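**Student:** Build me a model from this:
(3 chains)
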Amino acid sequence: MVDWLEDLNQEQKEAVFQTDGPLLILAGAGSGKTRVIAYRIAYLIQRRGVPPNSILAVTFTNKAAGEMKQRVESLIGKSITGMWIGTFHSVCARILRIEAEKLNLKPNFLIMDENDSEHLIKEAQKALDLRTTLGKPAGLRERISSLKNNLISPQEYLSSMASSQSERSFALLYEKYQELLRVNNALDFDDLLFFTVQLFRIDPLTLEKFQGHFKYVMVDEFQDINSPQYEIVKLVSWKSRNLCAVGDDYQAIYSWRGADVRYLLENFERDFPEAKIIRMERNYRSGPAILDAANEVISRITRGKEKRLWSTKPDQHPPLVRYQAQDQIDEARFVAKEIERVCLEEGRTWKDFAVLYRTNSQSRVFEEVFMSRRIPFQVVGGLRFYERREVKDAVSLLAFLVNPLSEAHLRRILSWIGGIGPSTMEKATESGLPLWEGLLQLEELGGLKKPAHQALQKILSLIEYFRNEKEKQGLTELFRNLLERSGYLEFWQSQGTLEAQNRVENVKELLNLSRQLEEEYPGLSSEEFLSHLSLYTDLDALDEEKDAVLLMTVHSAKGLEFPFVFLTGLEEGVFPHWRSASPTELDEERRLCYVAITRAQNRVYFTWARNRLYFGNWVQSEVSRFLREIPEEFFPGSPPISGEEYLEGKRVLHSAWGEGVVKEVEGSGEDTIIEVFFPTVGRKRLILKYAPITILD
DNA sequence: TTCCCGCGGATTTTT
DNA sequence: TCCGCGGGAA
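**Tutor:** Numbers count the residues shown, from 1 in each chain, chains lettered A, B, ... in the order given. This next block holds a predicted model:
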């Protein structure tokens, strides 16, 4: 047998062999921590004979979980089944489905996304007549979310924290929202964690059961866990003491979601004082220049221990490049051209490049420019797949049939089926009945007009069909039939527009996904499929085989690596973001920048745009402090970072006068005037902002 | 019930 | 600039 354990360095080996008792691995960026976890699991299973189903491994994305599993399988040379591996949310969903009745939940509960939540909050506002006083649903949802992430129930908030009148109203709203979730047989993302903690707290026997079950617990990205997550991990591994936490405080970037790095740095050692601590500070990913640049940025955080990664990997040349763009289009063109050039001259392919930005909205320009230059790309995030209207409509169909209590899904179905509008719904719920039952009652009393009657009959026949066929057909087949019988695909197809066509494609993609999942988990039920879907992210959908440039936010890039990284939009206000102005928030922006830089194996490009279109008007920007802090000598040969003359000598293409060369530049920003020599018409003065020109090089 | 128009707000980051 | 929502009219 080939001894795969020999591939590890000293600290890594130590981390793998130290299987019993609490273990804290402080692992810097690129130090091979994911590898260590995979080897550790493989070691437990193969050399220590630990059954896979007594291992719990928590990763940051479902995709990471899938990859981890594959990695373990390839190490031990056979497939493994039954291991608990996934995100906190998916693991909790699995636990809650098993133990549902102990919390008076139904095992087929649905998981609501933010959009659904906000609709429910709106409803709660309406019901309590608090529409105008409390604020917008989005903000309220965030407040509720942060309470849940601090394990505060509506009752607790009401009795011990709400002091003002408006806080009391808010508490009632929170309570009402929970009630509506329950009526809809649904949980939101935060409930998955919160309810799991509650389950363990109110039912010691169940807790003991899981404590006995999970002999080994491993948690990746421990710096980004929040209170309920820490509580779950702590409770579950309290007996076995075999908890392995892996994290890096420099990469804590989710505090806005309730994550607190102190769980890694303080609580772990306090709650598990016998813990062994291993530090992994050797970086295998990048050369020293990239690490030095990252260190320039991170060393200025106001809080945090001093630490420095080291690497013996030689720098690739040049390791760092800086570019000052005229505007966001120029920035995108530079990125596009540079990618084309490196592909050609350095023998690279599209998938060696990642374009990172602070906010999703920045992806748009890159998409447009890449599209026009035929550069294949994949965008991660933004409008998530399952948040698209057609996907939600299609899913609602299945969700309602699985769970007719779900009013939100019924409403969605009614919205495209037609025939039943607000007034009919109003009438149906007048007597206090749930919407669906109210409609049935109206039907019985003959109180429905013809279109409404037809719509209802259609839904009833679908329910009938679903009930009869559920057991006989596989999930995908059933789903496909439902989509056809309900007329949903036809609803779009009949519109004939390009957009409608696209929507049909997306629905088909959904069917593909269902088939894929069914292959992976034979006998997959509708409930399980829905659960997967709501916890499914764009990152999980990422196709690594596809040769395409990746576009994503810095947050999404956590845990990934690329030969070439473009860190874009390095402007004050964009990155660091203007909403993160307090010292703690700025620290987090810094860590975010550190994460971005340390993604790169060979080279980082730092780009910024002097002017940016923001909400439809042009604003002038200043270079980001993060870029300014990286000393000049890190960029030998790169043009100076400020100065107006960068346009001089460049070739431009004018829509009427053809190609010309910039001779002089006056002013800056919006007022920039350039003098260009055109062979066709001679020297011309142009206001840069208005001139119909493209910069060619 | 549905369609169309006008207005206001949006952009932080994600499970 | 773009999107979603609410109001009003057919």
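**Student:** Point me to the helix or strand that includes the nearest residue to A:Lys546 once chain neighbours are set aside.
**Tutor:** Counting by Cβ to Cβ, 6 or more residues apart in numbering, A:Lys546 lies nearest to A:Gln378, which is 6.4 Å off, once chain neighbours are set aside. Yep, even glycine has a C-beta here, placed from its N, CA and C like the rest. Following DSSP states H and E, one finds A:Gln378 within strand A:377-379.
**Student:** For that strand, name the packing helices and strands.
**Tutor:** Secondary-structure packing of strand A:377-379 (3 or more Cβ pairs under 8 Å, 6 or more residues apart in numbering; DSSP states H and E): helix A:363-372, strand A:549-553.
**Student:** hang on, the earlier thing: ok, so what distance separates the residue nearest to A:Lys546 from A:Ser396?
**Tutor:** For A:Gln378, the distance to A:Ser396 (Cβ to Cβ, to the nearest Å) stands at 27 Å.
**Student:** Which one's more surrounded, the two?
**Tutor:** Residue environment comparison for A:Gln378 versus A:Ser396 gives the larger neighbour count to A:Ser396, 22 against 18, counting by other Cβ atoms under 10 Å.
**Student:** Now do the same for whichever residue of the stretch 351-500 of chain A sits closest to DNA strand B: its pLDDT.
**Tutor:** Using Cβ to the nearest atom of the strand, the point where the stretch 351-500 of chain A gets nearest to DNA strand B is A:Gly421, with a distance of 2.1 Å. Reported pLDDT at A:Gly421 in the predicted model: 78.
**Student:** Contacts for the strand or helix carrying A:Leu75, please.
**Tutor:** In this assignment (DSSP H and E), A:Leu75 forms part of helix A:62-76. With Cβ atoms under 8 Å, 6 or more residues apart in numbering as the contact definition, helix A:62-76 has outside contacts at A:4, A:34-35, A:37-39, A:41-42, A:45-46, A:57, A:59, A:79-80, A:83, A:85-87, A:90, A:220, A:535-537, A:539-540, A:542, A:559.
**Student:** Which residues does A:Leu356 form beta bridges with?
**Tutor:** Counting by DSSP bridges, A:Leu356 is bridged to A:Met552, A:Leu567.
**Student:** just checking, it touches A:Thr568?
**Tutor:** Yes. Here A:Leu356 lies in contact with A:Thr568, judged by Cβ atoms under 8 Å, at a distance of 6.7 Å.
**Student:** Which pLDDT value goes with the closest residue to A:Arg412 other than its chain neighbours?
**Tutor:** Excluding its sequence neighbours, the residue lying closest to A:Arg412 (Cβ to Cβ, 6+ apart) is A:Ser396, at 3.9 Å. Looking at A:Ser396, its pLDDT reads 86.
**Student:** next one: the one 10 residues further on
**Tutor:** According to the predicted model, the pLDDT of A:Ser406 comes to 79.
**Student:** list the contacts for it?
**Tutor:** If you count contacts by Cβ under 8 Å, 6+ apart, A:Ser406 has them with A:110, A:184-186, A:399-400.
**Student:** picking up where we left off before, list the buried residues in the helix holding A:Leu75.
**Tutor:** For helix A:62-76, the buried set under the neighbour-count rule, 16 or more other Cβ atoms under 10 Å, comprises A:62-65, A:68-69, A:71-73, A:75-76.
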